[in-house]
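Peer 1: sequence below, structure please.
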Amino acid sequence: MKLLITGGAGYVGARLARTLLARGSLDGRAITRIVIADQAPAPADLLADARVEGRVGKLLAHCQGLRDEAFDGVFHLASAVSGECEADFELGLHSNLDSTRALLDALRHRAEQGGTPTKLVFSSSVAVFGPDPAVPFAGIVADDTLPTPQTSYGTHKYICELLIADYTRKGYIDGRAARLMTVTVRPGRPNGAASSFFSGIIREPLAGEPSVCPVDAGVSHPLTSVQATVDGLIAVYEASREAFVGRTALNLPAINCTVQQMLDALQAVAGPKVRARVSFQRDERIAGIVANWPSGSTAARAARLGLKAPASFEAIIRQYIEDCRATNPAALKGMDA
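Peer 2: Just a heads-up that it's a prediction; the model follows:
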């Protein structure tokens, strides 16, 4: 089978590609080709696999060509992140809405020409939820909580959920949307996401660098690991329409955790010297965005697919450390300082 991963050079996308290549099959079919489309080149280890083809450039520029190319499945992960969308409204619209609509129309063209509707998994976000004066908001969001996004990024994700549901209703695609919770601990440097600090306050201290937390220690949020997220995306793809239940998005599992609990876990895993590298200085822009996000989540539909949240935040940190030891030991130099 031939798959397309948009945003496949990113952290989650690359982990998804590696997992699929290691499995060798998806939904009972052998994987013969994975096309990774992203603005940045795919990691070298992926491009070294003969089954992988990398395509570099904006997704919108690729979509016209996709109209005449058959894919058995698509994982649509590409998007501008939350902080970027707030800073540049036009960028968010172009990257998140225009590109998704163009991708869906390319797949629709194939179906209208008599092709089998392509199965598509869309990575939505916990950012579709937020407090609105007209709607009660308890802070803990479920699969059936009414989305009322309070950021441009969350609005884009929710609009895309609805588009995918309608293209599915019309028979143009077999679409499913999974709401990703915040993935930690992401390697590398901070990006434009408002949630970037959730990784930074763990990643930087482990690397021996100071980190400043821009929100209060009591802030709670649903957090998960990259592997749990990838496992969720694959399970959503492989679920039958009956098991997925309907066309609306589902929440992927997460643990509901405060910043203080994250730092307590860091100290338990890496020691007090590492924990001491984190300080607090409130950033009103980031704190304002995060204040409109849920403090926790549940995932009943995902649980029925057999998905589980990570065992603890300590387990998430330990997975990150294990990954770094295998690929980038220098990222852990702070543990020896």
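
Peer 1: where does the protein dip in pLDDT?
Peer 2: Along the chain, segments meeting pLDDT under 70 span 337.

Peer 1: can you list the domains in it?
Peer 2: Annotated domains of the chain cover 2-181+225-251, 194-221+254-296+311-335 [automatic domain parsing].

Peer 1: what distance separates the start and the end of the longest one?
Peer 2: Put plainly, it is domain 2-181+225-251. Domain 2-181+225-251 stretches 27 Å from its first residue to its last (Cα to Cα, to the nearest Å).

Peer 1: mind listing the strands for the stretch 1-150 of the chain?
Peer 2: Using DSSP state E, counting those that start in this stretch, the strands found in the stretch 1-150 of the chain span residues 2-6, 25-26, 29-30, 33-38, 52-56, 73-76, 118-125, 140-141.

Peer 1: now do the contacts for the nearest residue to D323 once chain neighbours are set aside.
Peer 2: Nearest in space to D323, with sequence neighbours left out and distances taken as Cβ to Cβ, 6 or more residues apart in numbering, is P187 at 7.6 Å. Just so you know, the C-beta spots here come from the backbone N, C-alpha and C atoms, and that holds for glycine as well. The contact partners of P187, by Cβ atoms under 8 Å, 6 or more residues apart in numbering, come to 11, 203, 320, 323-324, 328, 331.

Peer 1: and those, which is closest to D88?
Peer 2: Of all the contacts of P187, Y11 has the smallest distance to D88: 21.6 Å, by Cβ to Cβ.

Peer 1: please name the residues that touch the residue lying closest to the closest one once chain neighbours are set aside.
Peer 2: Among residues not flanking Y11 along the chain, R186 sits closest, at 5.1 Å (Cβ to Cβ, 6+ apart). With contact taken as Cβ under 8 Å, 6+ apart, R186 is in contact with 11, 196, 199, 203, 226.

Peer 1: ok, now how distant is the nearest residue to the third one once chain neighbours are set aside from V141?
Peer 2: Okay, so that is S199. In this structure, S199 finds its nearest non-sequential neighbour in R186, 4.2 Å apart by Cβ to Cβ, 6+ apart. Computed as Cβ to Cβ, to the nearest Å, the R186 to V141 distance reads 22 Å.

Peer 1: beta partners for T258?
Peer 2: On the basis of DSSP bridges, T258 is bridged to S220.

Peer 1: V215 is in contact with that one, correct?
Peer 2: No: taking contacts as Cβ atoms under 8 Å, T258 lies outside contact range of V215: 10.1 Å.

Peer 1: looking at the two, which has the bigger crowd around it?
Peer 2: Between T258 and V215, V215 has the larger neighbour count (other Cβ atoms under 10 Å), namely 22 against 18.

Peer 1: which one is the more buried one nearest to, not counting chain neighbours?
Peer 2: Once flanking residues are discounted, V215 sits nearest to A287: 4.9 Å by Cβ to Cβ, 6+ apart.

Peer 1: I'm done for today, thanks for sticking with me.
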